[in-house]
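In: A structural model of the following input is requested.
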Amino acid sequence: MRLSHDETQSLLRDNLRELLQREASFEAVRACEREGRADAALWQKLVAHGWLATPFPAAQGGGDGGLVEAGILVEEIERRAALVPAAEVLACALAAQRAGEGEGARQLVAAALRGECIPVPAVLEASDRFDACSAAVTSDGRLSGEKYFVDYADFATHHVVAAVRAGERGLYRVAARDPGVKSQGIAAIGRIPRAVVRYDGVAAERVAGPEGLALLVQVARALCSAQILACMQKSLEATVAYTSVREQFGRPIGSFQAVQHHAANMAIAVESARFLVYQALDALERGDDAEQRVAVAKAAVSQSAPEVVMLGHQLHGGQGFIEENDLYFFTLRAKDRSLAWGSIEECLDVVASAVEREEDWL
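Out: Have a look, this model is predicted:
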């Protein structure tokens, strides 16, 4: 894989960054946090400009990109701490497009690209285990069960629910406004709108089988890693900018060797994370030992992020303790995302499962 973005990917990144700097202010994020909601206005702009279609084939109305481009989109959106379900919608739509079944999957993808459908994943239950699923679908297509940690549950138009039917797990599309869907908001470290959702005999349409569910988890985990990378990068940028102007003993504190060492350690961690994240996305695109590579990336960035963001706070001094400073967005979100879609321990378990696997080196 390339160790840097190509010309097209760089243009994609720069154009989206320019749009977000203009349309996604940190004050708007604070307003969304206070009110516990998603940024509907920004979401409409992203859809209207066709950004969410970028990773999909041109034949489906997309931009002929792939998972690397999806990672770029998610990273740039997270750099503005924007409260929009980009990673969630992309994970659902990409899983349906690549491993979906039947007309339901095709309709979900097409509607999501047009902005008519906002699907978010509903996978985990009270056990908090990806391999456990008690939500069930009856023979007549009615889903019952409870899902935890559903991000943007109330903003979404549809939930893509992991459930069991006739002994087989799969993904089922459920209308979020169905009377049988009841959600209860829960507090989140990253202040992302999140809920526990109860489904009581709601109509459910199958969109994917076990392979689609597995792919959804992998894509969501990889995109979540890109979100963590964005938080680390923004913390580093803010810290370098602050230490370049904050003076002590008559000169910027960034000129002191101890501060430079901390900043260098932050930069090393960020660049290592960047390589691992985009290597994982590239492997997932090509199907090259993807589960292991995604797990390695997620474990690594989840472990590095707290060190990077806390060094940022340390070098900010008193400035790092106030929410008037934008630094807190990325500290809280990095911690939140480090637990989402597989903690360090869960991802290392995936890596460990392949330790004794025989490799053909020839």
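In: Let me see the domain layout of this structure.
Out: 7-114, 119-209, 212-352 (automatic domain parsing).
In: Redo those domains as TSV? Include mean neighbour count, mean pLDDT and distance to Asp360.
Out: The way it works is simple: take the backbone N, C-alpha and C, and place the C-beta from them, glycine included. TSV is the format used below for the domains of the chain (neighbours: other CB atoms under 10 Å; pLDDT from 0 to 100; distance: least, CB to CB, whole Å):
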stretch	mean neighbour count	mean pLDDT	distance to Asp360
domain 7-114	19	96	26
domain 119-209	19	97	28
domain 212-352	20	96	12
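In: mind checking which of the ones you listed is nearest Glu358?
Out: Proximity to Glu358, assessed across the domains of the chain by CB to CB, is greatest for domain 212-352 (13.4 Å).
In: Can you give me the end-to-end span of the closest one?
Out: With CA to CA, to the nearest Å as the measure, the first residue of domain 212-352 is 23 Å from its last.
In: tell me the centre residue of this protein?
Out: The C-alpha lying nearest the average C-alpha coordinate of the chain belongs to Cys224 (CA atoms, centre = their mean; 3.2 Å).
In: Look up how far Pro119 lies from it.
Out: 17 Å (CB to CB, to the nearest Å).
In: Who are the contact partners of Gly115?
Out: Counting by CB atoms under 8 Å, 6 or more residues apart in numbering, Gly115 touches 44, 47-48, 52.
In: Specify which member of the residues you listed is nearest to Phe155.
Out: Gln44 (11.9 Å).
In: Over to the closest one: give its phi and psi.
Out: Dihedral pair for Gln44: phi -60, psi -40, per degrees, to the nearest 10.
In: Let me see the contact set for it.
Out: If you count contacts by CB under 8 Å, 6+ apart, then Gln44 has Gly115 around it.
In: where along this protein do the strands fall?
Out: 119-122, 136-137, 142-151, 158-165, 168-175, 181-186, 194-203, 205-208, 247-248, 251-252 (DSSP state E).
In: For the last one, what is the distance to the chain centroid?
Out: With CA atoms, centre = their mean, to the nearest Å as the basis, strand 251-252 stands 38 Å off its chain's centre.
In: now do stretch 325-344
Out: 11 Å.
In: Would you confirm that Met266 contacts Thr239?
Out: Yes - between Met266 and Thr239 there is a contact under CB atoms under 8 Å: 6.7 Å.
In: Residues that sit against both of these two, list them.
Out: The contact lists of Met266 and Thr239 share 311-312, where a contact means CB under 8 Å, 6+ apart.
In: rewinding a little: a markdown table please, covering the domains of the chain and showing distance to Glu358.
Out: A markdown table is the format used below for the domains of the chain (distance: least, CB to CB, whole Å):
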| stretch | distance to Glu358 |
| --- | --- |
| domain 7-114 | 27 |
| domain 119-209 | 24 |
| domain 212-352 | 13 |
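In: and Glu359, which of these is closest to it?
Out: Among the domains of the chain, domain 212-352 sits nearest to Glu359 (CB to CB), with 9.9 Å.
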